[in-house]
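# got a sequence here, can you model it:
(one chain, ligands or ions: 3)
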Amino acid sequence: MAKKSNNLFLKEEFRGVLRKSGYKATPARLAVLSIIKQSKNPLSAQGVIEKLKPDFDQATVYRTFKNLKESGIIRQIDLRHNHAHYEIANDKEHHHLVCIRCGRIEDVQKCGVEDMHSLILRSSKYFSEIRQHALEFYGICKSCNKNYEIKKISSH
Ligand SMILES: [Zn+2]
Ligand SMILES: [Zn+2]
Ligand SMILES: [Zn+2]
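Ligands and ions are numbered 1, 2, ... in the order given. The predicted structure is shown next:
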């Protein structure tokens, strides 16, 4: 019950966001946005399609992703999963830590890269302003590391 009212609230919020960006608040756009917003991690298009089945078909979801990307409300990020992931563009600045073995994703809150913006600009020929940066970190999660150790030991 609580989840449902939260969802309604989100949809109301995104209705405003879409209108402000000059986009119509279609049911598919509202559904995709609230699913991405409620997900702990950035979602793939396939992940969203699974969740919206059977209310919206695959073609509709892909078209919706295209529109939402154009609107700038969501952004595409590359987590080296061989498919794109999406998140709400103006949520709090953060980055991702990605396991190269199992794909686990964790948010990284502080990166310190803002401090480098002025340094980068000072050595730039053509730019006078940096507004955003994208940064993902790739490593091995604790559970993959542990399993690897066990495997390594048992194979000897
Ligand atoms: Zn993925
Ligand atoms: Zn892992
Ligand atoms: Zn950052």
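# and this protein, which residues reach ligand 3?
Contacts of the chain with ligand 3, taken as C-beta under 5 Å from the ion, map to 111, 113. Heads up, the C-betas are built off the backbone N, CA and C, glycines and all.
# next structured bit after the lengthiest helix in the chain?
Counting by DSSP state H, the longest helix found in the chain is helix 2-20. Using DSSP states H and E, the next helix or strand after helix 2-20 towards the C-terminus is helix 27-38.
# state the distance from Gly139 to Arg80.
Here Gly139 is placed at a distance of 12 Å from Arg80 (C-beta to C-beta, to the nearest Å).
# what do these two both touch?
The contact sets of Gly139 and Arg80 overlap at 98, 100 (C-beta atoms under 8 Å, 6 or more residues apart in numbering).
# residues contacting the longest helix of the chain, please?
Under C-beta under 8 Å, 6+ apart, the answer for helix 2-20 is 24-25, 29-31, 33-34, 37-38, 71, 73.
# what angle do it and helix 27-38 make?
Helix 2-20 runs at 120 degrees relative to helix 27-38, counting by axes from the mean of the first three to the mean of the last three C-alpha atoms, to 10 degrees.
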